[in-house]
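Visitor: Pasting the sequence and the predicted model now:
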Amino acid sequence: MAGRHLQVPRLEGVSEEHFMQHLYPQRKPLVLEGMDLGTCTSKWTVDYLTQVGAGREVKIHVAAVAQMDFISKNFVYRTLPFDKLVQRAAEEKHKEFFISEDEKYYLRSLGEDPRKDVADIRKQFPLLEGDIKFPKFFKEEQFFSSVFRISSPGLQLWTHYDVMDNFLIQVKGKKRVVLFSPRDAQYLYLSGTKSEVLNIDNPDLAKYPLFSKARRYECSLKAGDVLFIPALWFHNVISEEFGVGVNVFWKHLPSECYDKTDTYGNKDPTAASRAAQILDRALKTLAELPEEYRDFYARRMVLHIQDKAYSKNFE
């Protein structure tokens with residue numbers, strides 16, 4: 001896989017006009033440096049967060065291993081007071097723990113009712129709202145959610161895609177982010193929105209032979225960096241240190257394109273879901289034919305999709 005690693009470009013002092021006119025239309029990841037993010041990068045220390053968040057209960061992921069897997073669910077959900085979470089997530093070893101003394105913690109903030117409400121730091125953590133400024137490279141009515149995240153050192157999140165554009169604002173700590181283009185989806189062994197390949201640095205190529213064909217984009221984020229992740233780009237995130245960040249998602253398609261029940265920003269657009277259902281029905285219809293015919297007409301369907309639906313405009 002060594003020759004297929006590409007560094008995500010880094011740019012400093014990018015204006016909204018330059019981003020929207022020249023960078024955004026390229027639909028590729030980009031690290032923005034030197035953005036005005038407010039006082040959060042200096043203020044959000046372990047002590048400060050512990051004081052500000054005292055008392056509030058939060059639902060967290062707790063994993064015995066560093067590589068979290070959302071397909072096999074190799075973690076448990078637990079509830080902790082926010083101040084306790086911050087203290088534990090900043091430790092390497094724990095005196096108090098749920099599974100083991102070196103367990104990992106991950107907070108992804110939720111809305112008041114996660115089935116109906118999106119995460120918004122301004123509502124769930126109002127005392128932190130004044131400390132952070134979002135890059136306003138989109139209209140206020142396009143705003144979807146702002147997700148507050150805390151992670152233990154060493155924690156690795158599974159490779160997945162989201163259906164909305166987003167800015168990953170790194171407030172504290174260092175992260176390594178590996179991304180894959182939507183055009184490499186066929187090499188990532190998908191289960192829903194997630195890749196089955198957990199160990200992306202040392203993959204089992206006997207089990208996942210096509211994974212070596214996926215072109216890998218990589219960047220390191222430090223406090224104050226903002227990573228633009230275009231919709232549908234796969235991303236895998238490792239917290240190299242105790243990490244605090246905020247993701248800001250926005251609707252870049254018309255609102256009616258999105259699933260109205262989606263509070264996480266990861267349900268496929270309604271037209272894509274309808275198309276998948278129609279395709280499932282077509283495949284069930286093909287199953288009525290003998291194997292020789294089924295194979296032939298399935299290949300014709302694939303060719304038809306490639307001819308009519310695949311875009312020739314992307315690399």
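Guide: Sure, I can see it.
Visitor: any idea of the mean pLDDT for whichever strand or helix holds residue 281?
Guide: Using DSSP states H and E, residue 281 sits within helix 270-286. Mean pLDDT, helix 270-286: 95.
Visitor: and the next element down the chain from that helix?
Guide: From helix 270-286, the next helix or strand downstream (DSSP H and E) is helix 291-308.
Visitor: could you give the angle of that next one to helix 270-286?
Guide: 160 degrees (axes from the mean of the first three to the mean of the last three C-alpha atoms, to 10 degrees).
Visitor: For helix 291-308, give the mean pLDDT please.
Guide: Here the average pLDDT along helix 291-308 is 94.
Visitor: Pull the residues that contact it.
Guide: If you take C-beta atoms under 8 Å, 6 or more residues apart in numbering as the criterion, helix 291-308 is touched by 282-283, 286-287, 289. To be clear about C-beta, it is placed using only N, CA and C from the backbone, and glycine gets the same treatment.
Visitor: top of these by neighbour count?
Guide: The most crowded member of those is residue 286, carrying 15 neighbours; neighbours defined as other C-beta atoms under 10 Å.
Visitor: Around the closest residue to that residue other than its chain neighbours, how many other residues sit close by?
Guide: Once flanking residues are discounted, residue 286 sits nearest to residue 294: 5.1 Å by C-beta to C-beta, 6 or more residues apart in numbering. The local packing of residue 294 (other C-beta under 10 Å) involves 14 other residues.
Visitor: Residue 294 and residue 244, how far apart?
Guide: 53 Å (C-beta to C-beta, to the nearest Å).
Visitor: With residue 71 instead?
Guide: Distance from residue 71 to residue 244, by C-beta to C-beta: 27 Å.
Visitor: Just want to know which of those two has more residues nearby.
Guide: residue 244 (27 against 12).
Visitor: wouldn't the more buried one be in contact with residue 49 here?
Guide: Yes: the pair residue 244 and residue 49 passes the contact test of C-beta atoms under 8 Å, sitting 7.2 Å apart.
Visitor: picking up where we left off before, what packs against the helix holding residue 281?
Guide: helix 291-308 (3 or more C-beta pairs under 8 Å, 6 or more residues apart in numbering; DSSP states H and E).
Visitor: How is the protein partitioned into domains?
Guide: 2-257, 270-308 (automatic domain parsing).
Visitor: average model confidence for the longest one?
Guide: Translated: domain 2-257. 93.
Visitor: now that domain: how far from the chain's centre is it?
Guide: A distance of 5 Å separates the centroid of the chain from that of domain 2-257, by C-alpha atoms, centre = their mean, to the nearest Å.
Visitor: go on, stretch 262-269?
Guide: On C-alpha atoms, centre = their mean, the centre of stretch 262-269 falls 12 Å from that of its chain.
Visitor: Just the C-alphas of that stretch, formatted as CSV.
Guide: Only the C-alpha atoms of stretch 262-269 are listed here, as CSV (Å, rounded to 0.1, in the frame of the first residue of the first chain):
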residue,chain,number,x,y,z
ASP,A,262,-31.8,11.2,10.5
THR,A,263,-30.3,12.7,13.7
TYR,A,264,-26.7,11.6,13.1
GLY,A,265,-26.1,12.7,9.6
ASN,A,266,-25.4,9.2,8.3
LYS,A,267,-28.7,7.9,6.8
ASP,A,268,-28.5,7.7,3.1
PRO,A,269,-30.5,10.3,1.1
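Visitor: contacting residues around that stretch?
Guide: So stretch 262-269 is in contact with 111, 114-119, 144-145, 160-164, 166, 193, 249, 253, 257-259, 261, 273, 276, going by C-beta under 8 Å, 6+ apart.
Visitor: can you give me the strands in the stretch 151-300 of the chain?
Guide: 165-172, 175-180, 190-191, 194-195, 216-221, 226-229, 234-239, 243-250 (DSSP state E, counting those that start in this stretch).
Visitor: Which one of the ones you listed lies nearest to residue 129?
Guide: Minimum separation from residue 129 across the strands of the stretch 151-300 of the chain (C-beta to C-beta) falls at strand 243-250, 10.6 Å.
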